[in-house]
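just to be clear, the model below is a prediction. Sequence and coordinates:
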Amino acid sequence: MRKINLFLCVLSLLSVISCQQKVKKDAAADAIYINGDIITMEGDSANYVEAVALKDGTIMFVGSKGEAEKLKGDSTKIIDLQGKTLLPAFLDGHGHFYNVGFTSACANLLPPPDGPGQDYASIISELNRYKDTEDGKLMIQKFGWIIGNGYDDSQLSEKDHPKATDLDKVSTEIPVMIVHQSGHLAVINTKAMQLLGYNKSTKDPKGGTFRRNADGTPNGVLEENAAFAVLFTVLAKSDAEMADKFIEKGQEEYAKKGYLTAQDGRTTVEQMEALKSAADRGKFYLDVVSYPDITLGTECMSDDYYSPQHTYKNRYRIGGVKLTLDGSPQGKTAWLTQCYHVNPAGQKGCYTGYPVMSDEKADEYVELAFKNKWQILCHTNGDAAIDQYLKAVEDAEKKYGYDDHRTVIIHAQTLRKDQIPTLVKLKILPSLFPMHTYYWGDWHVESVLGEPRADYISPCRDVIDAGLTITSHHDAPVTFPNSMRVLDATVNRVTRSGKVLGPDQRITPYEGLKTLTDWAAYQYFEENSKGTLTVGKLGDLVILDKNPLKVNPLEINKIEILESIKEGNTVYKK
């Protein structure tokens, strides 16, 4: 009997051990990150933990190293951060994902330090070099144009836009187009004007302008809708091969800067079809949210990729709609209430830029969004355009108001202090563009706004202090989707010449990180799945070589992205 009891005890013990091993195996983490500065981004101040564990693409544990080690199984990967910094991955506050891929295949005409475009000669030289490259030949073959992107008159030694006759030095047989860094202007050569039928009698389009020679003939410089008409016509020629190339390149550019949720912030019909096709074929490894141009009408939203619950299908979704009410301050097409500091060529008197549409039309589009309960993002750079938008939102709320609409104002470069209380009242989320302080801060002071208006561009401090959460964006391909340059400009507001523009509008490095993580997730209605290192959220992570909260703030722009991890899978590694 004693032997039988002993045998039963042994069996019972073995059973318990087996069950414990089974539980341990089922509960084991896929990966555990330790030995670094792990910042959860939860709360109003930095919260550090010793370890984060992932399982099946989600965060299963956040806490001490000792407790995390209890989740180690036979196949668990232990990632030693070796003192590096781990954060939740970044969400793109505002950008143009598809066009990032497109412009990566164009000639890079950005000014230093991002490209060679410092004068007309360097632009012409780069275009001539580019047209014989693999990308250049492919673009000519597919689109029939030589295309460059990113020239900036404010940074050119001539302080003016090249003209058609300048681009004729690149080709007189092939149409040439170069797109301004703002994306709101372009220049075409004589061959392009001939193909498009532009001449002295050609009238300016509504919401756009042809800049002209003294005799009234177009000089090749196109503003706003005049530029968009040409650019969108060329883009519409993209075939499936090129669309896939642009989408793949766009993902690469975002992933290597830690952005694992990308925005396509003014999607055309052709681009939306390309994005949906890519999603159908499982081409996305990042999450991509598009906001089609609301002027396309209701058909842009009647699709199974739009969900009121903000859910993805194959890592793609339509998040709402985009409206554009004015242009670019650095290009001097933004709509202001006060005169530009220095008029652009050809303008006399008190020049204030111009609207894209009438108040009545703006009201109509905003009402359409509210009536259908679509989240709306609106491009407004000038304070007059902001006034137009705020009135339209207030009117739409009275007619079709609904809870938790999370309406977004994009850029708001010249937001006035007296407009901020209206943002608060209407619960409008500002997505600001403080990268302007670095790229065009000096130009704003010298030519666009003058002081003191220039000091108040992207007033992050005042908006946060008013109780609003903000995002800070890159507007790529206006600039590269460089997360650390975004953070640097948001925190430091230092211009190219070293001037601090509006020091009272600087925010802390931690707040700067919130604009890229927690607050950005809220803008997307994704605060329950992204933005912080919280149990149950997606395992979207980014590893930096240094901690933005511990380095000299002026060194933030030198921090490197070492690895980007989407739902537990590495999608970029330096």
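Happy to help now that I have it.

can you tell me the helix or strand for residue 378?
Counting by DSSP states H and E, the element that carries residue 378 is strand 375-380.

contacts for the next helix-or-strand element following that strand, please.
Per DSSP H and E, the first helix or strand lying C-terminal to strand 375-380 is helix 383-400. The contact list for helix 383-400 (Cβ atoms under 8 Å, 6 or more residues apart in numbering) reads 323, 325-326, 334-338, 352-353, 355, 359, 362-363, 365-367, 369-371, 378, 380, 407, 409, 412, 414-416, 419, 422-423, 426, 428. Where you see a C-beta, it was placed from the backbone N, CA and C, and this is true even at glycine.

what about those residues, which are in helices?
359, 362, 363, 365, 366, 367, 369, 370, 371, 422, 423, 426 (DSSP state H).

could you flag which of the residues you listed are buried?
Buried by 16 or more other Cβ atoms under 10 Å: 362, 363, 365, 366, 367, 369, 370, 422, 423, 426, out of the ones in helices among the contacts of helix 383-400.

pLDDT and distance to residue 191 added to the residues you listed, as CSV?
Converted to CSV, these look like this (pLDDT from 0 to 100; distance: Cβ to Cβ, whole Å):
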residue, pLDDT, distance to residue 191
362, 98, 37
363, 98, 41
365, 97, 36
366, 97, 41
367, 97, 43
369, 96, 41
370, 97, 45
422, 98, 48
423, 98, 47
426, 97, 48
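
can you tell me the closest non-neighbouring residue to the residue positioned nearest the centre of the chain?
The centroid of the chain falls nearest to residue 95 when counting by Cα atoms, centre = their mean (2.6 Å). With sequence-adjacent residues excluded and distances taken as Cβ to Cβ, 6 or more residues apart in numbering, residue 95 is closest to residue 476, at 4.3 Å.

for that neighbour, what are its contacts?
92, 95, 96, 97, 99, 100, 253.

go on, residue 80?
34, 35.

phi first, then psi, for it.
Geometry field for residue 80 lists phi and psi as phi -90, psi 110, criterion degrees, to the nearest 10.

and the gap between it and residue 86?
From residue 80 across to residue 86, the span is 11 Å (Cβ to Cβ, to the nearest Å).

next one: residue 521
Taking Cβ to Cβ as the measure, residue 521 falls 17 Å from residue 86.

ok, residue 35 next?
Going from residue 35 to residue 86 by Cβ to Cβ gives 10 Å.

give me the more crowded residue out of those two.
A count of neighbours by other Cβ atoms under 10 Å puts residue 86 above the other of residue 35 and residue 86, at 25 against 15.

shouldn't the more buried one be within a strand?
Yes - Residue 86 forms part of a strand when assessed by DSSP: H, G, I helix; E, B strand; the rest coil.

show me what contacts the closest residue to it other than its chain neighbours?
Residue nearest to residue 86 in three dimensions, not counting chain neighbours: residue 38, with 4.6 Å by Cβ to Cβ, 6+ apart. Applying Cβ under 8 Å, 6+ apart, we find residue 38 in contact with 48, 49, 50, 51, 52, 81, 85, 86, 533.

hmm, residue 65 and the third one touching each other?
Yes - taking contact to mean Cβ atoms under 8 Å, the distance of 4.1 Å between residue 50 and residue 65 places them in contact.

give the residue spans of the stretch 201-350 of the chain that score low on pLDDT.
Along the stretch 201-350 of the chain, segments meeting pLDDT under 70 span 302.

make it 90
Of all residues in the stretch 201-350 of the chain, those with pLDDT under 90 make up the ranges 206-207, 232-233, 235-238, 269, 296-304, 345-346.

thought residue 135 was touching residue 103, still the case?
No - judged on Cβ under 8 Å, residue 103 makes no contact with residue 135 at a distance of 10.9 Å.

between these two, tell me which one has more neighbours.
residue 103 (27 against 15).

that's a helix at the more buried one, yeah?
Yes - judged by three-state DSSP, residue 103 forms part of a helix.

distance of it relative to residue 183?
9 Å.

overlap in contacts of the two?
By the contact definition Cβ under 8 Å, 6+ apart, residue 103 and residue 183 are jointly contacted by residue 477.

next one, pLDDT for residue 401 please.
For residue 401, the model assigns a pLDDT of 86.

show the backbone phi and psi for it.
Dihedral angles for residue 401 - degrees, to the nearest 10 - are phi -60, psi 140.

so how many other residues sit close to it?
Look at residue 401: counted by other Cβ under 10 Å, it has 12 neighbours.

same thing with residue 112?
Residue 112, neighbours per other Cβ under 10 Å, totals 11.

figure out the helix or strand that it lives in.
Using DSSP H and E, residue 112 falls outside every helix and strand.

next SSE downstream of the helix or strand bottoming out on mean pLDDT in the chain?
None of the helices or strands of the chain scores lower by mean pLDDT, DSSP states H and E than helix 2-27, at a mean of 46. For helix 2-27, the succeeding helix or strand toward the C-terminus, using DSSP H and E, is strand 31-39.

sheet-wise, list the partners of that following strand with their directions.
For strand 31-39, the paired strands and their directions (DSSP bridges) read strand 48-55 (antiparallel), strand 77-80 (parallel), strand 85-88 (parallel).

give me the buried positions along it.
Of the residues in strand 31-39, 31, 32, 33, 34, 36, 37, 38, 39 count as buried by neighbour count, 16+ other Cβ under 10 Å.

surely the last one meets residue 50?
Read it as residue 39. No - assessed by Cβ under 8 Å, residue 39 is found out of contact with residue 50, at 11.9 Å.

now do stretch 532-548: distance to the chain's middle.
Remark: stretch 532-548 is offset 19 Å from the chain centroid, using Cα atoms, centre = their mean, to the nearest Å.

how about the helices in the stretch 51-200 of the chain?
With helices called from DSSP state H, counting those that start in this stretch, the stretch 51-200 of the chain shows them at 65-69, 97-104, 120-130, 134-143, 164-167, 190-196.

with respect to residue 292, which of those helices lies nearest?
Checking these against residue 292 by Cβ to Cβ gives helix 97-104 as the closest, at 11.3 Å.

restricting to C-alpha, output that closest one in PDB.
Extracted C-alpha coordinates of helix 97-104, given in PDB (Å, rounded to 0.1, in the frame of the first residue of the first chain):
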ATOM      1  CA  PHE A  97       3.000  58.900 -48.100                       C
ATOM      2  CA  TYR A  98       2.400  58.100 -51.700                       C
ATOM      3  CA  ASN A  99       4.200  61.300 -52.900                       C
ATOM      4  CA  VAL A 100       7.200  60.400 -50.700                       C
ATOM      5  CA  GLY A 101       7.700  57.300 -52.800                       C
ATOM      6  CA  PHE A 102       7.100  59.300 -56.000                       C
ATOM      7  CA  THR A 103       9.500  62.100 -55.200                       C
ATOM      8  CA  SER A 104      12.200  59.500 -54.200                       C
END
